[in-house]
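# Attaching a predicted model along with its sequence, questions to come.
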Amino acid sequence: MFRAQDQEGDPQDNFVEARDPSELVMCTILAAAYAGLAKYCWEPLRASGNYGLLFNIEGFFITTSLLALLVGLRPYLSPCSLQISGRGIKYRGPYWPQRKTINWDLVLRIYVSPELIIVLHHPKPASKIVWPMFIQSVYLSDKDKVADAVIRHSPLPSIRIAGPNWKTRLILIILFVLVVIWILEMLLGGIGH
């Protein structure tokens, strides 16, 4: 994090995602392993003559390999960034490369936790619609200072919320795995019929 002065002398806090080369190396190794599995399984599956199984298995391995490469390269292609000043917030998320700017006069409420900041805001000044903006501070460098910077710059009182405990995280992981298994069953069940 570093502080900067904008054109009119308004101090701002800037946070940018740190790039860890070890993550890129691990994702590249994972991508290479799945590409190797795809190559290893190609000939026996093609020889079996079951082209539905061939497309499913090869498609899974190749898709997973490409996804691992994209996850590893994402911080280099479109890193997260957050700027907080007396005028508002500018945020570019990890998987949404377009930067979003929200002025403080459009903000209705702010919920602050150590890992996530939720900003409820109006899309336009006269609008009655309320949209949430989720700022995932776990992706940003100096993530421990993000919540304090939001509280310091915000003209509205921020509502502090606690981060999820290990039980909640475990439940969310189990639910995510169950949804993935359900989707795979739907896809494989639809192909088999």
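Received, thanks.
# Residue ranges in the protein under the pLDDT threshold?
1-10, 188-193 (pLDDT under 70).
# mind listing the strands in it by residue range?
2-5, 11-16, 81-85, 88-92, 100-103, 107-112, 116-121, 131-136, 159-160 (DSSP state E).
# Out of these, the one nearest residue 68 is which?
Residue 68 lies closest to strand 131-136 among the strands of the chain, at 20.3 Å (CB to CB). Where you see a C-beta, it was placed from the backbone N, CA and C, and this is true even at glycine.
# Can you name the residues that contact residue 171?
With contacts defined as CB atoms under 8 Å, 6 or more residues apart in numbering, residue 171 is in contact with no residue.
# leaving aside the residues next to it on the chain, what's closest to residue 119?
Of all residues not flanking residue 119 in the chain, residue 133 sits nearest, at 4.4 Å (CB to CB, 6 or more residues apart in numbering).
# wait, that neighbour sits on residue 101?
No - the criterion here is CB atoms under 8 Å, and residue 133 misses it with residue 101 at 10.3 Å.
# got any residues that touch both of these two?
residue 89.
# neighbour count winner among those two?
Each of residue 133 and residue 101 has its neighbours counted (other CB atoms under 10 Å); residue 133 has more, 16 against 11.
# how much space between the more buried one and residue 123?
According to CB to CB, to the nearest Å, residue 133 stands 10 Å off from residue 123.
# who's in contact with the residue nearest the centre of the chain?
Nearest residue to the geometric centre of the chain (CA atoms, centre = their mean): residue 94, 4.3 Å. For residue 94, the contact set (CB under 8 Å, 6+ apart) comprises 17, 74, 80, 136, 139.
# what about 7 Å?
74, 80, 136, 139 (CB atoms under 7 Å, 6 or more residues apart in numbering).
# Apart from its neighbours in sequence, what residue is nearest residue 83?
residue 90 (4.2 Å).
# neighbours around the one you found, how many?
Neighbours around residue 90, by other CB under 10 Å: 16.
# go on, residue 39?
12.
# hang on, the earlier thing: list the residues that contact the residue nearest to residue 83.
Contacts of residue 90 (CB under 7 Å, 6+ apart): 83, 99, 101.
# now it: how far from residue 103?
For residue 90, the distance to residue 103 - CB to CB - is 10 Å.
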